[in-house]
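In: Got a predicted model here, sequence first, then my questions.
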Amino acid sequence: MPVSVPFTGGCACGAVRYECSAAPLLVWKCHCRTCQQATGSAFNMNVIVPAAALRFTKGEPKYYGFKGGSGVTLYRGFCPACGSPLGGKSEAFPDFRGVSAASLDDPSGLESAADIWTASAQPWDHLDPHSPKYERQPTPEEVQALLAARG
């Protein structure tokens, strides 16, 4: 079952809400250590959407910027009141935004297209054997190939 459009979501306390007017471009599980630390889990399921389609309808996330393992600056967005992870953005892909799958009001229709940063995956986590795997951040060309395969 695909995600219906528009789709909505927000933080646990309700201080930040968003709406996305476009279908997800990609959904992937990121196994990097910073995603593990940000979620308290083995991975972060990222819903990649066009930046222009994402609109905050209540409040605004606070962003934390850091250099990722790829050397690119990433920004993690979270609720300034309750700390819930909401998503992020990357200098490498300025036209995209990532939304944390857990923040969607109904994430049940999501299906991951790939596992990224598998070099950091925890040995106790199960990775779908049929999903493409990337040891690190996919290159822009690899992202375009994933987009083409999903479209």
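Out: Noted; the coordinates are in hand.
In: From now on I want contacts and neighbour counts done on CA atoms only, so please keep to that.
Out: OK.
In: ok, now which ones touch the residue lying closest to A119 once chain neighbours are set aside?
Out: Distances taken as CA to CA, 6 or more residues apart in numbering put E135 closest to A119, at 4.8 Å, once the chain neighbours are dropped. Applying CA atoms under 8 Å, 6 or more residues apart in numbering, one finds that E135 lies in contact with 116-120.
In: In JSON lines: those, plus neighbour count and pLDDT.
Out: JSON lines is the format used below for the contacts of E135 (neighbours: other CA atoms under 10 Å; pLDDT from 0 to 100):
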{"residue": "I116", "neighbour count": "21", "pLDDT": "93"}
{"residue": "W117", "neighbour count": "20", "pLDDT": "94"}
{"residue": "T118", "neighbour count": "18", "pLDDT": "96"}
{"residue": "A119", "neighbour count": "13", "pLDDT": "96"}
{"residue": "S120", "neighbour count": "17", "pLDDT": "95"}
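In: T57 versus A145, what's the distance?
Out: Relative to T57, A145 is positioned 32 Å away (CA to CA, to the nearest Å).
In: Would you map the strands across the protein?
Out: 7-10, 17-20, 26-30, 44-50, 54-58, 62-67, 73-78, 85-90, 96-100, 114-116, 133-134 (DSSP state E).
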